[in-house]
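>>> sharing a model prediction with you, sequence too.
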Amino acid sequence: MAAEKLSTRHLLGIKDINRNDIELIFETADNFKEVINRPIKKVPSLRDITIANIFFENSTRTKLSFELAEKRLSADVVNFAASSSSVSKGETLIDTVNNILSMKVDMVVMRHPYAGAGQFLSKHVKAQIVNAGDGAHEHPTQALLDAFSIRQKLGDVAGKKVVIVGDILHSRVAISNILCLQRLGAEVMVCGPTTLIPKHIHQLGVKVEHNLIKALNWCDVANMLRIQLERQDIKYFPSLREYAMMYGLNKQILDNLDKEIVVMHPGPINRGVEITSDVADSKQSIILEQVENGVAIRMAVLYLLASQG
């Protein structure tokens, strides 16, 4: 049985939470999953809580998922798209947030292009902070929903072999996933071109493989990451076409494997690059389940943080 409350006031990264916290979030998400599949999908759990969604970077899916989670819990929601605000006029992070907090906000969900922004904020403001992605550092709710989706599909995460394929270097999803999966007892491998694998990643206790077919034959689950062209300051591979030939997953590769594997993708998908359409839409893919689980996981995180104030 998981603990009754989280060991932390904020969710800044997977590295700040323990296995009991993860189990508690999963158990809570199980309950909320039942709620969001009812005809009336709302519960009054956060009726007196005000949550500000502050996104200093573009986001559609994560923002939508958090907003839906907040509304399902009956919280009051304030949305703030920083890219189109006074931030672009030179206002600092602290000023922006203090202005929002003076409106008596209880919790801040923040995405920011710089690593550690959530950590910095948590030391300077009273509100609770949920990190919705900070640069190429961490994206804890994505890692939680990915592990939760594996647990739902395969019964347990412990002992499973998970390969994360693609742009590991620029990916906050990869680092959070590695930490989360290891906490839950999975074996993790990363796979991609040498230029997109961080130099010292083996120090995290992960296997490194550059051959996609070998990696897929080893794993139970393949998490295919998006190529983050917007974060790449130089060319890390010759062309998208060449990347797709070497590291793209198509139906032929999937069908030729010795066993059936589970295919995941954090989205948004570049169809025909990381995975082809017939793989994304196949019965082995749990991409849409990940989206549904994202709302339940985020409901669980917000609810558990709010309950310790």
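Sure, I can see it.
>>> mind listing the helices for the stretch 151-300 of the chain?
172-183, 212-218, 240-247, 251-256, 277-280, 287-306 (DSSP state H, counting those that start in this stretch).
>>> among these, which gets the worst mean confidence?
Ranked by mean pLDDT, the helices of the stretch 151-300 of the chain bottom out at helix 240-247, which scores a mean of 90.
>>> can you give me the buried ones in it?
243-244, 247 (16 or more other Cβ atoms under 10 Å). For glycine as for every other residue, the C-beta is placed from the backbone atoms N, C-alpha and C.
>>> domain assignment for the protein?
Using the TED database, the domain parsing of the chain gives 10-138+291-307, 140-288.
>>> can you list those domains in CSV and add distance to Glu4?
What follows is the domains of the chain, written out as CSV (distance: least, Cβ to Cβ, whole Å):
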stretch, distance to Glu4
domain 10-138+291-307, 8
domain 140-288, 18
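>>> among those domains, show the one with the smallest mean pLDDT.
For these, where the average pLDDT is lowest is domain 10-138+291-307, sitting at a mean of 90.
>>> from one end of that one to the other, what's the distance?
Criterion Cα to Cα, to the nearest Å; first-to-last residue distance in domain 10-138+291-307 is 12 Å.
>>> then stretch 182-194?
23 Å.
>>> residues contacting Lys161?
Each residue near Lys161 by Cβ atoms under 8 Å, 6 or more residues apart in numbering is listed here: 186-187, 189, 218-221.
>>> dump these to JSON lines, plus distance to Asp106 and neighbour count.
Below are those laid out as JSON lines (distance: Cβ to Cβ, whole Å; neighbours: other Cβ atoms under 10 Å):
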{"residue": "Ala186", "distance to Asp106": "34", "neighbour count": "21"}
{"residue": "Glu187", "distance to Asp106": "39", "neighbour count": "18"}
{"residue": "Met189", "distance to Asp106": "40", "neighbour count": "19"}
{"residue": "Trp218", "distance to Asp106": "45", "neighbour count": "17"}
{"residue": "Cys219", "distance to Asp106": "41", "neighbour count": "24"}
{"residue": "Asp220", "distance to Asp106": "40", "neighbour count": "18"}
{"residue": "Val221", "distance to Asp106": "36", "neighbour count": "24"}
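>>> and of the residues you listed, the nearest to Ser277?
Minimum separation from Ser277 among these (Cβ to Cβ) is found for Val221, which lies at 20.2 Å.
>>> the closest one reaches Val165, doesn't it?
No - at 10.7 Å, Val221 does not count as touching Val165 under the criterion of Cβ atoms under 8 Å.
>>> filter the contacts of Lys161 down to the ones in strands?
The members of the contacts of Lys161 that map onto strands under DSSP state E are 187, 189, 221.
>>> from those, which is closest to Met107?
When the ones in strands among the contacts of Lys161 are compared against Met107 (criterion: Cβ to Cβ), the nearest one is Val221, at 31.7 Å.
>>> contacts only, for that closest one.
150, 154, 160-163, 261-264.
>>> now do Ser307
Counted by Cβ under 8 Å, 6+ apart, Ser307 has contacts Lys5.
>>> that one and Ala174: what is the separation?
In this view, Ser307 and Ala174 are 30 Å apart by Cβ to Cβ, to the nearest Å.
>>> and the helices of the stretch 151-300 of the chain as JSON lines, adding distance to Glu34?
Converted to JSON lines, the helices of the stretch 151-300 of the chain look like this (distance: least, Cβ to Cβ, whole Å):
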{"stretch": "helix 172-183", "distance to Glu34": "23"}
{"stretch": "helix 212-218", "distance to Glu34": "34"}
{"stretch": "helix 240-247", "distance to Glu34": "38"}
{"stretch": "helix 251-256", "distance to Glu34": "32"}
{"stretch": "helix 277-280", "distance to Glu34": "27"}
{"stretch": "helix 287-306", "distance to Glu34": "9"}
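>>> so which of those is the most surrounded?
Per residue and on average, the most neighbours among the helices of the stretch 151-300 of the chain fall to helix 172-183, with a mean of 24 (mean count of other Cβ atoms under 10 Å).
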